[in-house]
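Peer 1: Return a 3D structure for these sequence lines:
(one chain, ligands or ions: 1)
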Amino acid sequence: MTDTSRKVLVAYATWAGSTAGIAERIAGVLNRSGFAAEAVRAKEVRDLSPYGAVVLGTAVHAGKLHPDALKFARRNAADLGSKPFAAFIVCLAMKGSDEKARATAGAYLGPVRQQVKPLSEGLFAGAYDPQKLDFVSRQIMKMIKAPPGDFRKWDEVEAWAASLAPLFGAGQTASSR
Ligand SMILES: Cc1cc2nc3c(=O)[nH]c(=O)nc-3n(C[C@H](O)[C@H](O)[C@H](O)COP(=O)(O)O)c2cc1C
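Peer 2: Predicted structure coming up:
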């Protein structure tokens with residue numbers, strides 16, 4: 001189905017690409033659930049009117065979400081409040097996925113919540129590949145002795161994406177939360 005109510009935007013903001021991979025996986029799961037979902041860089045999105053639901057995903061650097069994600073949430077706050085909206089964060093704090101990790105990662109989404117409260121929040125571990133980073137970022141990661149690796153847990157990503165289908169299908173909005 002490709003009518004507006006089944007069209008889902010998975011907007012993402014990334015530095016090194018791991019968030020893009022997660023956004024694409026989420027879009028894939030939604031497509032298999034009967035939606036017409038597409039993953040698009042947040043800064044490339046001009047108009048939300050074609051979409052019946054929106055997911056926003058962002059990476060984190062130094063405790064702050066990607067500026068493109070924040071701009072997207074600010075620019076589209078009114079529209080996002082009138083459609084089913086979910087958000088996810090990608091960070092290395094979630095390598096642990098215990099309560100402390102979830103609290104840290106959940107706090108990163110605060111600035112998005114201030115604009116519009118998501119119906120659901122996904123908290124995911126990301127990846128660190130020094131070759132995909134600039135010199136300064138690499139030095140920071142060396143200083144904190146972060147081990148390189150891809151820590152994305154695809155089963156958790158897919159389970160969260162599947163949990164969005166009924167929320168999006170039910171047409172819930174900010175006003176019904
Ligand atoms: C310079 C730098 C700072 C980071 N700061 C944090 C942080 O404060 N908290 C955290 O949990 N992860 C942090 N990370 C990990 C990233 O969020 C993680 O590598 C994520 O997967 C990056 O997403 P991307 O590949 O889409 O850019 C940092 C990574 C870098 C390179």
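Peer 1: which residues sit in contact with Trp154?
Peer 2: Going by Cβ atoms under 8 Å, 6 or more residues apart in numbering, Trp154 touches Arg25. For every residue, glycine as well, the C-beta is placed using N, CA and C.
Peer 1: repeat for Leu48
Peer 2: Listed by Cβ under 8 Å, 6+ apart, the contact partners of Leu48 are Leu9, Val54, Asn76, Asp79, Leu80, Lys83.
Peer 1: Can you tell me the element it falls in?
Peer 2: For Leu48, there is no helix or strand it lies in under DSSP states H and E.
Peer 1: separation between it and the ligand?
Peer 2: Plainly put, Leu48 is 22 Å away from the ligand if you go by Cβ to the nearest ligand atom, to the nearest Å.
Peer 1: Equivalent analysis for Leu56, please.
Peer 2: 13 Å.
Peer 1: backbone phi and psi for that residue, please?
Peer 2: phi -120, psi 130 (degrees, to the nearest 10).
Peer 1: Tell me the bridge partners for it.
Peer 2: Beta-bridge pairing of Leu56 under DSSP bridges involves Ala11, Ala87.
Peer 1: Next one, pLDDT for it please.
Peer 2: Note for Leu56: predicted pLDDT of 98.
Peer 1: next one: Thr173
Peer 2: 46.
Peer 1: Same check on Ala146?
Peer 2: If you check Ala146, the pLDDT there is 88.
Peer 1: Also Leu164?
Peer 2: With respect to pLDDT, Leu164 has a value of 97.
Peer 1: That one: what secondary structure?
Peer 2: helix (DSSP: H, G, I helix; E, B strand; the rest coil).
Peer 1: The closest residue to it other than its chain neighbours: what's it in contact with?
Peer 2: Excluding its sequence neighbours, the residue lying closest to Leu164 (Cβ to Cβ, 6 or more residues apart in numbering) is Ala86, at 5.5 Å. Ala86 makes contact with Ala53, Val54, Val55, Leu56, Pro118, Leu119, Ser120, Glu121, Gly122, Leu164, Leu167, according to Cβ under 8 Å, 6+ apart.
Peer 1: do the same with Gly126
Peer 2: By Cβ under 8 Å, 6+ apart, the contact set of Gly126 is Ser18, Thr19, Ile22, Ala59, Val90, Cys91, Leu92, Met94, Phe151, Arg152.
Peer 1: Assumed the third one was part of a strand.
Peer 2: By that I understand Ile22. No: per three-state DSSP, Ile22 lies outside any strand segment and is helix.
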